[in-house]
Structure formats: C-alpha cells, structure tokens
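In: Predicted coordinates and the sequence they were generated for:
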Amino acid sequence: MRSSEQLDLFGGMNKLEGKSPDSIYSMHKYWGKKPSGELRKIIKKYTGENDWILDPFAGYGGIAVESVILNRNIIANDLNPIANFIVGCILEKNVNLKKLSDLFFQVKTEYEKYYKEWYVLTDAENEVSQIIVTLRDKHDNPLKIKYKSAESNILKERQLSPSEQEQLAEKEKNYKIDYWYPSDKLIENSRICAKKNTKVSDLFPKRALACHAYLFYLLSCLEVSAEKDLLIFAFTSNIANCSKLVPPIKSRGELSQGAWMTGFYVGEVYLENNVFHYFENRVAKIIKGKKDYLNEINGQSRTGKYRVTDYDAKNMALDDGSIDFIFTDFPYGSAVPYFEQSQLWNCWLKKDVDYENEIVISDSRARNKNINNFHSDIDSAAKEISRVLKTGSYFIFTFHSLHGEEWRAIANALIKNGFEFVECDIMLQKTFTPRQLNRKISLRGDLIAVYKKTGIINDNQEPDLENIISDVIKRAFQAESCIETNEIITLCVKKMLNSGMIIKDINFLDIINNICELDELNEKWRLKK
C-alpha cells in the first residue's frame with residue numbers, strides 16, 4: 001500500500017511543477033480548497049491552451065484561478081451566492097491596489113471614534129490600553145483580555161476587574177445599535193449546532209455586533225467598484241473570526257486562538273476578537289493575495305477568459321458539447337451542509353439563497369434533503385455534465401465520504417450517463433479539521449476520480465460487490481499487517497467505481513468491520529483473528 005506517493009495517476013503529481021502563492025488561497029475562510037500545484041498538474045495533463053473548462057460546484061474557485069493563469073477559459077459555477085462572490089473577487093483582473101488601500105484608510109479614519117469607544121480601556125492607574133482579544137463565558141460575561149498599551153505593541157494579558165466587567169456588561173445591555181445587521185434565523189440543524197430560533201445576530205456578543213454593523217454600513221456607503229467588493233470580501237472573511245464561534249486552545253492558554261471551522265457551536269468560553277483590528281489583518285491578507293494573483297497573471301504572456309455563473313448544476317444554460325474538460329468538488333453529501341453553514345455570510349450580504357436546489361443530505365427536518373434526494377439530484381447533475389461535455393473528454397471529481405451509499409449515488413449516476421471509469425486515488429490534505437483529527441475513523445483527504453465520457457450506457461447490475469471488496473481487502477493484508485482508513489476506503493471506492501455496472505445497496509464500514517478491527521492505539525485496521 002502507498003502513503004507517500006499519492007496521485008501518481010496524474011503523472012507524478014507528488015512532484016509538483018509550480019504552484020500559486022499560498023496567499024491567493026488564504027484570502028477567505030471558505031472550505032474545500034485544493035492544493036494549487038495539484039490543480040495545475042491536472043489542468044496541464046487534461047487540457048490545452050484556450051480550452052473551455054467547467055467547474056459546476058466551484059466553491060472557493062481554485063480550479064478557476066489555475067485555469068486563468070494557465071491560459072485556459074473557465075466557467076466557475078456555484079449556486080451558493082457567497083461562493084460566487086468569493087470567486088468573482090479573486091478572479092477580477094481590473095483592480096487598482098492603491099485605490100483599494102486608499103479606500104481602506106478612508107474607512108479606517110471613519111471608524112476611529114467607534115474603535116476608541118469600544119476597544120480602548122483606561123484602568124485605575126490611567127494607563128490606556130487597546131483591547132485585542134476578550135475571553136468571555138457562554139453568558140457573554142467578559143473575563144480576561146489580551147491588550148497592548150499606547151507606548152508598546154507588546155501584547156499582555158490580564159484579568160478584568162469586577163468593575164470593568166460590570167461596566168462593559170452594562171454598556172452592552174443599554175446600547176442601541178443604529179445600523180442594520182441580519183436577524184435571520186438559522187436553519188435548525190443539531191448536527192451543526194444550529195439551535196431552534198437562533199438568529200445570525202445571536203452568534204455575536206453585543207459589542208462585536210455593533211462594530212460589525214457600523215463597519216458594514218461604512219463599506220456599503222462606498223461607490224460601486226471592484227475595490228469596494230474586495231473590502232466587503234475582507235469583511236465576510238472576518239465575520240466568523242469576531243463572533244462567539246472562536247474557541248481558545250486551552251492547552252496553550254486561555255487566550256490562545258483556536259479557529260472557526262464548521263457549525264455554530266458556542267463553548268463554555270469563547271474568544272471575542274477586536275472587530276476593527278482583525279478586519280485590518282484581513283484587508284492586509286486580501287491585498288497580499290490580490291497582488292500575488294495579479295503578478296501571476298501579469299507574468300504570463302496570455303491568460304484565460306472567465307465567467308462566474310450561478311446556475312443550478314442540474315440545469316445549466318450551456319450549449320451541448322461546448323466544454324472540453326470538467327473538474328469539480330462534488331457536494332459532500334451528509335458531511336458538509338454548505339448552504340446552511342454559509343448563512344453567516346449570505347445573510348450579511350443580503351443574498352437570496354436557493355436552498356431547494358442545493359444537492360446535499362441534511363439533518364435539518366425542515367429541508368427534506370435525504371439520501372433519496374441525493375441519488376436523484378446527483379443523477380440530474382451527472383446528466384447535465386454529460387450533456388455539456390464533449391464526447392471523448394474527461395471529467396474529474398473529488399469527493400469525501402465514508403458512506404458507500406453516497407459513493408453509490410455518484411458511481412451509478414456516471415454509469416447511467418455515459419461515463420467510463422479511468423482511475424481513482426487519494427488527494428491528501430495539508431491541514432485537517434478538528435472533526436477529522438478527533439474521530440478515529442475518518443478520511444484524511446479527498447478521493448479524486450477520473451472518468452471519460454464515452455456516451456456508452458451500461459445498465460447491467462453488479463451482483464456480488466460486497467464479496468469482491470472483501471476479497472480485495474483481505475489480499476491487501478497479505479502485504480501489510482496494518483492499513484490506514486484512507487487506504488482501505490480507497491480500495492473499496494476503486495473497486496466500486498471500476499466495476500462499471502449499476503451497484504445495489506452497499507455499506508463500506510459494514511464490510512470493513514466484518515473482516516477487520518481498528519487498532520485504536522495507532523488508528524489502523526488489521527484483520528480479525
């Protein structure tokens with residue numbers, strides 16, 4: 001079994017030939033980013049210059065960025081409004097970085113008074129401090145601060161005195177916010193801790209909500225421009241960072257920053273970050289990422305065209321056979337309810353969201369999005385992908401799931417719509433979510449599969465896949481005494497996709513548990529004795 005030589009099916013992809021600066025991929029907190037070097041390898045292997053590429057579920061837009069740089073034409077499509085906003089901001093070529101910087105300083109000058117009102121503290125000895133981070137309990141009581149004095153940029157920590165705690169609590173209680181903020185209710189979903197009747201505004205302590213509302217008002221007053229969009233882009237990237245959703249890493253200290261990853265869980269304590277201070281940090285990241293992106297495309301003799309569209313992937317307004325290559329990150333079934341988690345962004349941007357046509361499996365009772373819907377929707381999306389893709393061309397997708405039923409939906413949809421399986425392997429991640437790290441049985445990466453459109457439809461059924469997969473797993477243990485979850489799931493998926501026939505019900509974990517047991521010490525599987 002291989003672990004260090006991943007993705008050799010793409011021609012030695014582990015030996016990358018150039019990649020985009022990391023700053024381009026650090027401009028926003030949106031999920032599902034893929035390594036730029038691996039995306040470049042895929043584009044170079046499967047397309048030529050001036051080809052038209054489509055990503056039906058573009059997300060952050062990594063394949064779009066690399067396509068433009070490599071002089072391919074790209075249609076970056078997503079039904080999620082925040083995803084389209086992100087991709088549009090990143091791909092925009094006509095940006096004046098000096099104007100962007102000037103607009104930022106204009107906004108900073110206007111919020112200076114607000115900054116002092118909320119984040120400058122004078123203690124009993126008349127020492128003036130700027131509050132950078134505040135530790136609060138789940139009832140929003142302020143406990144401790146990280147601050148810097150007027151004379152020094154060195155960060156210090158101290159407990160807030162009872163009078164300071166009372167003063168801030170009383171101020172927040174009586175403060176009336178004069179500027180608009182979203183009061184939409186979260187879609188109730190216990191899996192992502194979206195509780196009944198919780199509003200988007202409830203995810204912020206009063207001070208952070210007031211500062212966000214004022215900052216958004218200042219940004220909204222700017223004249224329409226690409227530079228204004230980039231400042232709002234920075235604002236959306238900063239929202240979760242200054243909410244109740246940032247946990248401390250207790251092992252490193254009470255004020256050590258954790259990170260919001262997914263869901264709306266508020267712990268026993270949380271870190272409230274200074275809205276304006278962290279907004280400035282995000283603007284700096286946006287400027288750096290945008291500068292590097294513009295340098296990348298200006299350093300090329302030619303760059304590709306791009307379109308950002310918001311079609312339902314099951315019904316795209318594109319001509320038959322108009323696309324040379326399709327790459328996408330399929331919706332992650334039950335793993336990530338993207339639209340629900342994006343409420344935090346879409347509500348601030350006042351975007352209408354087409355929840356009805358999202359392809360997802362959601363635990364929310366209000367949504368009626370189950371595995372049966374997923375089968376039907378994936379089949380409709382595969383039909384559209386087949387319709388717009390030229391015969392003989394390639395379709396590559398990534399997917400992340402331990403559930404054989406979700407993989408079955410994809411495998412069957414592609415077989416039914418004239419695709420032939422070529423190869424599949426694991427694309428390792430550089431970082432892992434807390435959920436991946438904390439669960440003993442978890443995929444540490446995405447599986448990536450290559451298909452070719454042949455137009456030939458095979459409606460034969462695979463009668464005995466469970467036994468076939470069991471035999472493959474047993475043979476793998478002849479060479480290895482222990483196998484990681486990544487490798488054993490890859491074996492299952494490869495065998496399923498390679499069957500080239502319609503699959504009946506199947507559960508990978510049931511098959512694995514019947515013949516293997518998990519060694520919890522090293523988190524690897526071994527054959528049962």
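Out: Received it, and whenever you're ready, just let me know what you need. Residues are numbered from 1 along each chain as shown.

In: For F508, give me phi and psi.
Out: Dihedral angles of F508 (phi, psi; degrees, to the nearest 10) stand at phi -60, psi -50.

In: Contact partners for it?
Out: 402-404, 407, 469, 489, 492-493 (C-beta atoms under 8 Å, 6 or more residues apart in numbering). Heads up, the C-betas are built off the backbone N, CA and C, glycines and all.

In: mind putting those in CSV, neighbour count, secondary structure and distance to R526 included?
Out: CSV is the format used below for the contacts of F508 (neighbours: other C-beta atoms under 10 Å; DSSP: H, G, I helix; E, B strand; the rest coil; distance: C-beta to C-beta, whole Å):
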residue, neighbour count, secondary structure, distance to R526
L402, 20, coil, 18
H403, 17, coil, 23
G404, 25, helix, 21
W407, 23, helix, 24
I469, 24, helix, 17
I489, 24, helix, 16
C492, 24, helix, 17
V493, 23, helix, 21
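
In: mind putting these in JSON lines, distance to K453 and pLDDT included?
Out: Output for those, formatted as JSON lines (distance: C-beta to C-beta, whole Å; pLDDT from 0 to 100):
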{"residue": "L402", "distance to K453": "28", "pLDDT": "86"}
{"residue": "H403", "distance to K453": "26", "pLDDT": "89"}
{"residue": "G404", "distance to K453": "25", "pLDDT": "90"}
{"residue": "W407", "distance to K453": "20", "pLDDT": "94"}
{"residue": "I469", "distance to K453": "26", "pLDDT": "94"}
{"residue": "I489", "distance to K453": "26", "pLDDT": "89"}
{"residue": "C492", "distance to K453": "25", "pLDDT": "92"}
{"residue": "V493", "distance to K453": "20", "pLDDT": "92"}
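
In: From those residues, pick the one nearest V200.
Out: H403 (30.2 Å; C-beta to C-beta).

In: Test my guess that the closest one contacts S334.
Out: Yes: judged on C-beta atoms under 8 Å, H403 makes contact with S334 at a distance of 6.9 Å.

In: what domains does the record give for this protein?
Out: If you go by automatic domain parsing, the domain ranges for the chain are 8-93+303-527, 97-282.

In: Return the most buried member of the ones you listed.
Out: domain 8-93+303-527 (a mean of 19; mean count of other C-beta atoms under 10 Å).

In: gap between that one and the chain center?
Out: Mean-position distance between domain 8-93+303-527 and its chain equals 13 Å (C-alpha atoms, centre = their mean, to the nearest Å).

In: Mind jotting down where the helices sit in the stretch 151-300 of the chain?
Out: For the stretch 151-300 of the chain, the helices defined by DSSP state H, counting those that start in this stretch cover 162-174, 206-220, 226-239, 275-298.

In: quick one, the first one and helix 206-220 angle?
Out: What that stands for is helix 162-174. Helix 162-174 runs at 50 degrees relative to helix 206-220, counting by axes from the mean of the first three to the mean of the last three C-alpha atoms, to 10 degrees.

In: In this protein, what helix or strand scores lowest on average pLDDT?
Out: helix 434-438 (a mean of 47; mean pLDDT, DSSP states H and E).

In: following that one, which helix or strand comes up?
Out: Later in the chain than helix 434-438, the nearest helix or strand by DSSP states H and E is strand 445-453.

In: Partner strands of the following helix or strand past that following strand, with direction?
Out: Sequence-wise, the next helix or strand downstream of strand 445-453 (DSSP H and E) is strand 461-462. Using DSSP bridges, the strands paired with strand 461-462 are strand 502-503 (parallel).

In: for D446, what are its contacts?
Out: Residues near D446 by C-beta under 8 Å, 6+ apart: 34, 329, 398-400, 426-427, 429.

In: Would you mind confirming that S190 is in contact with D363?
Out: Yes: if you go by C-beta under 8 Å, S190 and D363 touch, sitting 6.4 Å apart.

In: contacting residues for the nearest residue to L245 once chain neighbours are set aside?
Out: Spatial nearest neighbour of L245, chain neighbours left out: W260 (4.2 Å); criterion: C-beta to C-beta, 6 or more residues apart in numbering. By C-beta under 8 Å, 6+ apart, W260 lies in contact with 29, 240-241, 243, 245-246.

In: let's see 7 Å
Out: Contact analysis of W260 by C-beta atoms under 7 Å, 6 or more residues apart in numbering lists 240-241, 245-246.

In: With V128 instead?
Out: The neighbourhood of V128, defined by C-beta under 7 Å, 6+ apart, consists of 120, 122, 149-150.

In: Please identify which of the residues you listed is nearest to D352.
Out: Of all these, D352 sits closest to V120, with 39.0 Å by C-beta to C-beta.

In: what's the closest non-adjacent residue to that closest one?
Out: Q130 is the one closest to V120 (C-beta to C-beta, 6+ apart), at 5.9 Å.

In: what kind of secondary structure is the one you found in?
Out: strand (DSSP: H, G, I helix; E, B strand; the rest coil).

In: was I right about it contacting Y119?
Out: Yes: with contact defined as C-beta atoms under 7 Å, Q130 and Y119 form a contacting pair (5.9 Å).

In: that older thread, next one: the residue nearest to V120 relative to N241, how far apart?
Out: Distance, Q130 to N241, using C-beta to C-beta, to the nearest Å: 17 Å.

In: now swap in D55 and tell me
Out: 27 Å.

In: same deal with E480?
Out: Plainly put, E480 is 42 Å away from N241 if you go by C-beta to C-beta.

In: Please enumerate the strands of the stretch 1-150 of the chain.
Out: 52-55, 73-77, 120-122, 128-137, 142-149 (DSSP state E, counting those that start in this stretch).

In: Same list (these) but as a markdown table, adding distance to S225 and mean pLDDT.
Out: Putting the strands of the stretch 1-150 of the chain into a markdown table (distance: least, C-beta to C-beta, whole Å; pLDDT from 0 to 100) gives the following:
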| stretch | distance to S225 | mean pLDDT |
| --- | --- | --- |
| strand 52-55 | 27 | 98 |
| strand 73-77 | 21 | 98 |
| strand 120-122 | 32 | 87 |
| strand 128-137 | 31 | 94 |
| strand 142-149 | 33 | 94 |
